[in-house]
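Chemist: Sequence first, then the predicted structure:
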Amino acid sequence: MPFRLTPRTADRSSVTWTPLRSRRDPAFWAPFLVLLLVLAPLTVWGHAWVSAWLDRLRETAVSNPEAARAEAVRGLRLWGAALCAVSIAFSAYLLRYSQLGLRQGRLPPSGWWSLGAYQVAVGPSARRMSRFVRVLALFLLAAALAFLLALEFLLRVLQQGT
């Protein structure tokens, strides 16, 4: 009896994909190009700004450690709140994305949500993926709030000087 490999059910893709557009379509590449053109300069500018801020903080720490500690706490609180706000906004985006995916039975949903997609999941597999995205969004929301609480606790300890 020859040895035969038979595919198992778990090995087959259970997602039903429908082609939406070609990868040559500008609507596929537009989001990537916009992100590249916006995020690359923003990242370089942010790195330069944070480096200059840290250099000023080091100079202040030499002459006045208490003022440097207060400035570090203020900066970390601001950056932590900004990171938490971005995480909460992205969580809200994912929740809306999954809500529309469940309602329409396709992922990504129609409209601008599917701007960069070239395939669409449809049917029960899209609903299953939408539920997973919803759980992921709720987890991200909880993680953002937990991060904010933990950061606030750590900053209180830093302010006390221990």
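Modeler: Right, received. Where do you want to start?
Chemist: what about Thr60, which SS state?
Modeler: Reduced to three states with DSSP: H, G, I helix; E, B strand; the rest coil, the structure at Thr60 is helix.
Chemist: Buried residues, stretch 144-160. List them.
Modeler: Ala144, Leu148, Leu151, Leu155 (16 or more other CB atoms under 10 Å). Heads up, the C-betas are built off the backbone N, CA and C, glycines and all.
Chemist: ditto for stretch 104-120
Modeler: Within stretch 104-120, the residues that count as buried by 16+ other CB under 10 Å are Gln104, Arg106, Leu107, Pro108, Pro109, Trp113, Ser114, Gly116, Val120.
Chemist: Tell me who's in contact with the third one.
Modeler: If you count contacts by CB atoms under 8 Å, 6 or more residues apart in numbering, Leu107 has them with Gly101, Val120, Ala121, Ala126, Met129, Ser130, Val133.
Chemist: so it bridges to which residues?
Modeler: With DSSP bridges applied, the residues forming beta bridges to Leu107 are Ala121.
Chemist: Ser125 contacts Thr16, correct?
Modeler: Yes: the criterion here is CB atoms under 8 Å, and Ser125 meets it with Thr16 at 5.4 Å.
Chemist: With neighbour numbers in mind, choose between the two.
Modeler: Remark: of Ser125 and Thr16, Ser125 carries more neighbours, 17 against 13, as counted by other CB atoms under 10 Å.
Chemist: From Arg96, how far out is that one?
Modeler: The spacing between Ser125 and Arg96, counted by CB to CB, to the nearest Å, is 20 Å.
Chemist: Same question for Thr16.
Modeler: Computed as CB to CB, the Thr16 to Arg96 distance reads 23 Å.
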